[in-house]
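[1] Predicted model and sequence follow; I will ask about them next.
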Amino acid sequence: MAQRKSPPPGKPAAKKGTSRPAGKPGAAPTSTTKAGAAKTVSDRKLPADGGRGPAGRPPARKPKSIVNQKQTPWGLIAAATAVVVFAAVVIIAVVATHKSSSSSSGPKGVDKNDPYRQPELAAAKHISGVTYQVEAQHTHVAGTVNYDATPPVGGNHSPYWADCAGTVYAQPIANENAVHMLEHGAIWITYNAKTLPASELTALKAYVAGVDRMALSPYPNLKSPISLQSWGYQLFVDKASDPRIAEFISALKYNQKVTPEYGASCAQSTFKAHPSTFGHPLSAPASG
């Protein structure tokens, strides 16, 4: 029977069943199971995928509640869109109305729907030297009026019109009475008695005497020997033989397109018997 070795002197003998192997420096800590077996932490089993999800992906996150998700404000977007569309429709309507108005209303206040502001007549426009201006004012007034043309071609005037049934006046008549006859479609021929030869005057009378919607009178300080006036239109010429006189009369005399009060009479027998004088308009027949 083998003998036990005695421990070295000074060293206590180890108790039976109580010894455990000395751990090595740097070794992993151990744990003891119920069965007493020691295992290192590194020996613990991990999931085969290393703690990752299928196909090596991280585990899926838990979806957020629909209640907590930010909702798209479709109602507000629809309302805003409706407002924008409505505004666009309004703008288009305004622009269309403006264009329509512009088509009937041209430069210088022209308006096809207003007999006092008609566009320039093409037949008159083709006559060299003819001028046209819109004369929108047509109120009946008493007394004198400051006109924008000499002789005047329209504007406020006396309620009492000068006779324009082919009348030849020997003396200048008041502007205010003459303008009213232009409103009735008359052609008013004026002349400078100081510069127009007698032979030329005879030729002018031939255009007027006894012809309805025509009147002739001298005009103080007229800038040319002869001028012709219709409502809004004017022509200055030097000679009674100028062919433009006949063209002016043909294009504008009692033309419905340029006569504001088409259908009104030109006859005014009381004025013919007692006409006004230049600078002194009559608002009613003169007494006597």
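    Thanks, I have the structure now. Given the structure is predicted, the values throughout are model-derived calculations rather than measurements.

[2] alpha carbons only for contacts and neighbour counts from here, please
    Noted.

[3] Strands of the stretch 51-200 of the chain, residue ranges please.
    Applying DSSP state E, counting those that start in this stretch to the stretch 51-200 of the chain gives strands spanning 131-132, 165-168, 187-191.

[4] Touching the last one from outside, list them.
    Around strand 187-191, the neighbours that count as contacts under C-alpha atoms under 8 Å, 6 or more residues apart in numbering are 178, 182, 213-219, 222, 224-230, 249, 252-253.

[5] quick one: strands adjacent to it?
    Using DSSP bridges, strand 187-191 pairs in its sheet with strand 214-218 (parallel), strand 226-230 (antiparallel).

[6] before we move on, what about the shortest one?
    Using DSSP bridges, the strands paired with strand 131-132 in its sheet are strand 233-237 (antiparallel).

[7] before we move on, the earlier item: any of the contacts of strand 187-191 buried? List them.
    With burial judged by 16 or more other C-alpha atoms under 10 Å, the buried subset of the contacts of strand 187-191 is 178, 182, 213-219, 222, 225-230, 249, 252-253.

[8] Do you have the helices of the stretch 101-250 of the chain handy? List them.
    With DSSP state H, counting those that start in this stretch applied, the stretch 101-250 of the chain shows helices at 122-125, 175-183, 198-208, 243-252, listed in chain order.

[9] Highest mean neighbour count out of the ones you listed?
    helix 175-183 (a mean of 29; mean count of other C-alpha atoms under 10 Å).

[10] Need the per-residue pLDDT for the residue lying closest to L204 once chain neighbours are set aside.
    Nearest residue to L204 in three dimensions, chain neighbours excluded: A240, at 6.1 Å (C-alpha to C-alpha, 6 or more residues apart in numbering). The model reports A240 with a pLDDT of 98.

[11] again, but for S65
    On pLDDT, S65 comes in at 57.
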